[in-house]
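Novice: Here is my input, please return the structure:
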Amino acid sequence: METTMNINNDLLAAISRAAVKRGISRSRMIVLILKEVLPDINGPARYGKLICYQERSNPESWHTFHLQVREDDYEFLLDLRKLLKMSVSCILAYAFKRYLKRINTDKNRFKNYVIIKRINAGIIFWTLIWGYPPDIETYLPPYVP
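Specialist: As a prediction, the model looks like this:
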């Protein structure tokens, strides 16, 4: 899938260098950087909070980057935006500064993406799972033939 994001030119140059050093595409590097944010998520952002964007600056210092991602990674990006109430480019800038040194380039990290719907007493529950837990059956709703 293809999506776009606005990235500061300096950040894009640093991402490009990091991707070349690791022998992966810039799109893959961006996704790997964003996945480092997972431990920082304590819960969803406050309900009703507006999406936080990067600070405005000179338009010439920004680049519209066309990001190529797998479908599960695209859904992951949408979830991050929703949970953190930040634009994906804002999350990327934060994550890059904080985590670049320890980026895990394991291609199978959080590869699977599962969404499970449960209904209990008329209330709908959605479970988002980034990765594939060994005990997936415990998350699934009971089978009713």
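Novice: which residue ranges form the helices in the chain?
Specialist: In the chain, the segments counted as helices under DSSP state H are 9-22, 26-35, 71-84, 88-99.
Novice: Can you check which of the ones you listed gets nearest to Tyr47?
Specialist: helix 71-84 (11.2 Å; C-beta to C-beta). Glycine gets a C-beta too; all of them are placed from N, C-alpha and C.
Novice: What is that closest one packed up against?
Specialist: Helices and strands touching helix 71-84, by 3 or more C-beta pairs under 8 Å, 6 or more residues apart in numbering; DSSP states H and E, are helix 26-35, helix 88-99, strand 113-120, strand 123-130.
Novice: Please name whichever of these is nearest to Asp73.
Specialist: Of all the helices and strands packed on helix 71-84, helix 26-35 sits nearest to Asp73, with 5.0 Å by C-beta to C-beta.
Novice: CA atoms of the closest one as CSV?
Specialist: C-alpha atoms of helix 26-35 as CSV (Å, rounded to 0.1, in the frame of the first residue of the first chain):
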residue,chain,number,x,y,z
ARG,A,26,13.5,4.1,3.6
SER,A,27,9.8,2.9,3.9
ARG,A,28,10.9,-0.2,5.9
MET,A,29,13.2,2.0,8.0
ILE,A,30,10.3,4.3,8.9
VAL,A,31,8.0,1.5,9.9
LEU,A,32,10.8,-0.1,12.1
ILE,A,33,11.4,3.3,13.8
LEU,A,34,7.6,3.7,14.4
LYS,A,35,7.4,0.2,15.9
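Novice: which parts of it are buried?
Specialist: 26-35 (16 or more other C-beta atoms under 10 Å).
Novice: average pLDDT for that helix?
Specialist: Per-residue pLDDT over helix 26-35 has a mean of 90.
Novice: Same question for stretch 87-103.
Specialist: Averaging pLDDT along stretch 87-103 yields 80.
Novice: Name the residues that touch it?
Specialist: With contact meaning C-beta atoms under 8 Å, 6 or more residues apart in numbering, stretch 87-103 is reached by 5-8, 11, 14-15, 18, 22, 29-30, 32-34, 36-37, 51-54, 77, 80-81, 84, 86.
Novice: where's that stretch relative to the chain centroid, distance-wise?
Specialist: 10 Å (C-alpha atoms, centre = their mean, to the nearest Å).
Novice: All set now, cheers.
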